[in-house]
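1. Need a 3D model of the following:
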Amino acid sequence: DGLVAHNMEALRARGVRRLLTTCPSCLHAWRSAYPQGEFQVLHAVEYLAQLAGAGRIPWAEADPLTVTFHDPCDLGRKEGVYDAPRQVLAAMPGVELREMSDHGPAAMCCGGGGNLESVDVELSRAIADMRLAQAQATGTQAIVTACQQCQRTLAMAARRGRVRLRVWDLSQLVWQRMARPGGGER
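-> Numbering: from 1, shown residues only. As a prediction, the model looks like this:
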């Protein structure tokens, strides 16, 4: 309770109206353990979906890209955020989303959740390898997710298995696909 009170006071002192997080577990903590109503708590993908929906992201022309989206456990099952990342991907010119066999509420864990890797390395790797196989079955060029732990776990599985599949956080892909003033390099 002391930490919650401390953090709330720090946000009040700064006049925070909106708190953005890129970590699904942090989102869940802020939405479930903290008092609600003083400010809006969003995951970055929810904010990006708002911006994309309002036409406020300047997209650049880019080569076609096929991707699949991995739903992070805390973002999806705990917070019900499934549509926002898909809305952002749909707004990107040239990006085609191909869903894995298990997606949305039925999505598999990446194998890294709950620090499983520190408790059971082999189980963590087996789960990551199964998820990677589902991604490969889509025939896409990249896995996109919205969780740093999922990104790290799936990228490690791809490297370990010598699978040529890029793994990005959605915010990285947005950054890559944005137009820059003056047409400069990204």
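
2. Contacts only, for L154.
-> With contacts defined as C-beta atoms under 8 Å, 6 or more residues apart in numbering, L154 is in contact with 70, 110, 128, 131-132, 135, 143, 145, 167. No exception for glycine: its C-beta is placed from N, CA and C like everyone else's.

3. which SSE is it in?
-> helix 148-160 (DSSP states H and E).

4. what helix or strand is V167 on?
-> Using DSSP H and E, V167 sits within strand 166-169.

5. Which elements pack onto that strand?
-> Under the contact criterion of 3 or more C-beta pairs under 8 Å, 6 or more residues apart in numbering; DSSP states H and E, the helices and strands touching strand 166-169 comprise strand 142-145, helix 148-160.

6. Give me the residues contacting it.
-> Strand 166-169 is touched from outside by 22, 141-148, 151, 154-155, 158, 176, with contacts defined as C-beta under 8 Å, 6+ apart.

7. Which pLDDT does the model give E185?
-> At E185, the predicted lDDT confidence score is 53.

8. And D83, how far from D71?
-> Per C-beta to C-beta, to the nearest Å, D83 is found 11 Å from D71.

9. Give me the more crowded residue out of these two.
-> Set side by side, D83 and D71 show unequal neighbour counts under other C-beta atoms under 10 Å, the larger going to D71 at 28 against 13.

10. Just give the closest residue to that one, not the sequence neighbours.
-> For D71, the nearest residue in space outside its immediate sequence neighbours is A107; the separation is 3.8 Å by C-beta to C-beta, 6 or more residues apart in numbering.

11. what's near enough to touch the one you found?
-> With the criterion set at C-beta under 8 Å, 6+ apart, A107 makes contact with 70-71, 73, 76, 100.

12. rerun at 10 Å
-> With C-beta atoms under 10 Å, 6 or more residues apart in numbering as the criterion, the residues that contact A107 are 69-73, 75-77, 82, 99-101, 131, 134.
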